[in-house]
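Curious how this folds, go ahead:
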Amino acid sequence: GDSNMATGGREYRIFLGLAELFRTAVPPRVQESIACFEAALSVTPPNDEARVRRDAAVLLLQQLGDKAGAKRHLEQAVQVPNSGEVQCDVIYHLARLYQEEGNSSVAESLLRKGLNALRGFPNFHFRLLFQLADLLSYRGDYIGVATLLSNGAQYAAQTGTQHSQVLLLLNQAKCLILSCQYSEAKHTLDVCGQLVRNCAGRDGHQLIAFHLTFVVIYLLELGHVKEARVPLKELQNTVKLMTKKPKAGPGDVAGGEILEWISNEHLFVLVYLVCTLHSLLSGSSEKATSYAARALALIDQDTSGNALLVKLKASVLENVVVCRLVQGQFSAAIQEIESIIVLCNTFSSMMKSHQPIIHTLLGLYSMACGSLESANSQFTMALQTADAGLQIFVWLNQALVSLSAGNHAQFRTILESIAGSSLPESSVSFKSAVRFVRGVHCLLADKQTEAKHYLRDSLVLANEHDLNRLTTSVLLLLGQLFLAFGSIKEACDMIMPAFQLASKIPDMHLQVWAARQMTDLYCGLKDQTKTVEARDSHSRFFQVLSSEKARAQQSKQHLLTHVARVLYTVGVLHDGNLLSRLVDWWTS
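Numbers count the residues shown, from 1 in each chain. Below is the predicted model of the structure:
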């Protein structure tokens with residue numbers, strides 16, 4: 001018996017050695033390696049069966065894309081009593097396969113069992129916890145995910161794994177932001193900030209960067225663009241320090257923790273994305289385009305097909321679309337939208353989550369091109385699956401479409417929807433935009449006094465927080481109102497700074513509008529020379545805009561505005577959908 005066991009042990013080691021030899025050959029001899037793993041299983045000691053099956057499954061997935069073969073090995077491995085890293089890996093890969101098949105409930109059950117089994121192994125426990133949080137996010141239950149992460153953070157505190165505790169709290173804050181629970185998000189970020197300051201080890205800069213990233217995102221979600229400048233500058237300085245220091249290894253992290261949320265390289269892409277958002281909101285489309293280009297350059301350096309990078313790329317492209325629309329580059333904008341659709345269709349887990357975002361972008365594009373019917377249709381489709389924040393953004397833009405089309409019944413319905421929604425009182429961007437839309441409505445209804453009241457309220461909020469595109473729009477509308485009253489001095493105080501802001505952004509729509517107002521203003525001032533100059537500027541801007549609209553509408557991509565469904569409905573939730581609720585309050 002002992003002789004047979006010794007012989008079996010030797011054969012087992014030989015088969016594994018050959019499997020590794022074939023696996024690392026150049027090029028890899030995958031079929032031979034798999035055959036050796038299969039042979040090894042016939043003589044594998046019971047305690048090693050799960051490990052061998054895991055290794056075989058990973059090889060099948062990575063080299064051959066054989067999901068069925070990998071699933072067979074993993075389902076057998078998960079039945080073998082095991083613990084620690086092997087058990088975590090088996091559950092992780094098997095749950096991903098179940099999720100890709102659409103069996104999210106089976107994946108959830110497996111992950112929850114794994115979490116209970118691995119409570120004595122914090123790092124592996126947290127790895128599965130993050131995976132479960134991603135799976136649950138697919139359902140849009142951000143509050144439920146935040147609760148899961150909060151419980152995980154408490155467990156991390158009990159086990160003294162502070163690095164993991166910070167990452168869990170940051171993810172919790174992200175979910176609270178996405179669900180518009182801003183006061184809870186601020187509290188979580190404050191707690192997290194104290195922990196980050198106490199963290200030791202070379203990973204300190206990375207945790208500081210993570211924390212500052214979400215502080216900036218939180219402030220941008222509320223429209224506090226001016227307030228976000230300080231933490232954004234601190235974030236940029238922290239990233240510079242990170243590029244000069246070696247990356248922390250497991251031994252450099254407090255408590256020897258090995259959990260890595262995202263790599264430094266991916267963090268740098270995220271930081272560029274946040275810089276893009278900030279520039280876009282503050283009304284600097286050229287700077288936003290520059291940051292987006294840097295982010296895309298970093299992404300293109302990585303050819304691994306990493307899921308997070310694909311999501312980040314989609315988010316960056318969404319910002320690029322808005323920049324193109326602001327700058328009047330409509331044909332480029334619709335081509336970028338097509339690129340996002342192609343990207344999502346080649347990465348199935350993003351299909352469902354991006355459907356409302358893409359319909360929103362198509363709606364904005366249609367608004368910019370003056371296709372009100374298409375814009376209304378796209379916004380209506382976006383609302384079917386949009387989350388709370390995106391809903392309000394879409395309603396506001398659809399309200400402007402309704403007013404432009406003279407559909408006052410739809411406008412009233414939209415206002416009732418906004419009033420009945422959980423509009424966050426702390427969000428100055430939402431409050432300012434709602435007042436702007438109400439001001440436009442009152443102006444069209446010939447209620448000048450009410451219009452001035454709403455528009456001035458909107459102006460105070462937008463100007464105080466550096467929402468420069470919205471500020472410009474309100475100034476122009478007030479200038480138009482004062483011109484109608486014959487109040488030339490008041491009109492001049494509105495139109496002059498609006499013209500300067502529109503040129504600084506630059507926003508082609510606002511430049512056309514401002515040049516038209518300048519023409520009327522100088523005409524009222526009896527300044528014939530400047531009237532001619534302003535009229536020429538308006539004509540030049542208008543011709544450029546009209547030419548670009550015609551070019552875009554003749555492109556094959558323009559047909560996307562008539563498509564009822566641009567994506568299939570399979571996939572998991574996209575984490576980075578902040579763009580669609582933050583940008584472009586006025587595009588026509």
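
Longest helix in the protein, please.
Counting residues, the longest helix found in the chain (DSSP state H) is helix 528-553.

Mind listing what's buried along that helix?
531, 534, 535, 537, 538, 541, 545, 548, 549, 552, 553 (16 or more other CB atoms under 10 Å). C-beta: built from backbone N, CA, C; applies to glycine.

With stretch 399-409 instead?
399, 400, 401, 402, 403, 404, 407.

contacting residues around that stretch?
363, 367, 372-373, 375-376, 379, 410-411, 414-415, 418, 437, 440-441, 444, 586, 588 (CB atoms under 8 Å, 6 or more residues apart in numbering).

Angles on the backbone of residue 555, please.
Dihedral pair for residue 555: phi -80, psi 150, per degrees, to the nearest 10.

In this structure it contacts residue 334, no?
Yes - Residue 555 sits in contact with residue 334 when judged by CB atoms under 8 Å, with a separation of 6.3 Å.

ok, back up a step: relative to residue 501, which of the buried residues of stretch 399-409 is nearest.
Residue 501 lies nearest to residue 400 out of the buried residues of stretch 399-409, by CB to CB, at 19.5 Å.

Out of the buried residues of helix 528-553, the closest to residue 456 would be?
If you rank those by distance to residue 456 using CB to CB, residue 534 comes first, at 25.5 Å.

of the contacts of stretch 399-409, buried ones?
Counted by 16+ other CB under 10 Å, the contacts of stretch 399-409 give 363, 367, 372, 375-376, 379, 410-411, 414-415, 418, 437, 440-441, 586, 588 as buried.

These in helices, which ones?
Using DSSP H, the subset of the buried ones among the contacts of stretch 399-409 located in helices is 363, 367, 372, 375-376, 379, 410-411, 414-415, 418, 437, 440-441.

okay, who's weakest in those by pLDDT?
Ranked by pLDDT, these bottom out at residue 418 (86).

circling back to that earlier point, so how far is the longest helix of the chain from its chain's centroid?
From the chain centre to the centre of helix 528-553 is a distance of 35 Å (CA atoms, centre = their mean, to the nearest Å).

which other helices and strands contact that helix?
Secondary-structure packing of helix 528-553 (3 or more CB pairs under 8 Å, 6 or more residues apart in numbering; DSSP states H and E): helix 330-345, helix 508-524.

Take stretch 505-512, keep the C-alpha atoms, and write them as CSV.
Taking C-alpha atoms only, stretch 505-512 is exported to CSV below (Å, rounded to 0.1, in the frame of the first residue of the first chain):
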residue,chain,number,x,y,z
ILE,A,505,-15.6,77.7,-23.3
PRO,A,506,-15.9,77.6,-26.5
ASP,A,507,-19.6,76.7,-27.1
MET,A,508,-20.7,77.0,-30.7
HIS,A,509,-24.4,77.2,-29.9
LEU,A,510,-23.9,79.8,-27.2
GLN,A,511,-21.6,81.8,-29.5
VAL,A,512,-24.3,81.9,-32.2
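
quick one: that stretch to chain centroid distance?
Centre-to-centre, stretch 505-512 and its host chain are 26 Å apart (CA atoms, centre = their mean).

just stretch 124-137 next, same as before
Remark: stretch 124-137 is offset 19 Å from the chain centroid, using CA atoms, centre = their mean.

Check which residues of that stretch are buried.
Those would be 124-137, for stretch 124-137 by 16+ other CB under 10 Å.

what's the pLDDT at residue 287?
95.

buried set for whichever strand or helix holds it?
Secondary structure assigned from DSSP states H and E places residue 287 in helix 285-301. Residues 285, 287, 288, 289, 290, 291, 292, 294, 295, 296, 298, 299 are the ones in helix 285-301 that count as buried (16+ other CB under 10 Å).
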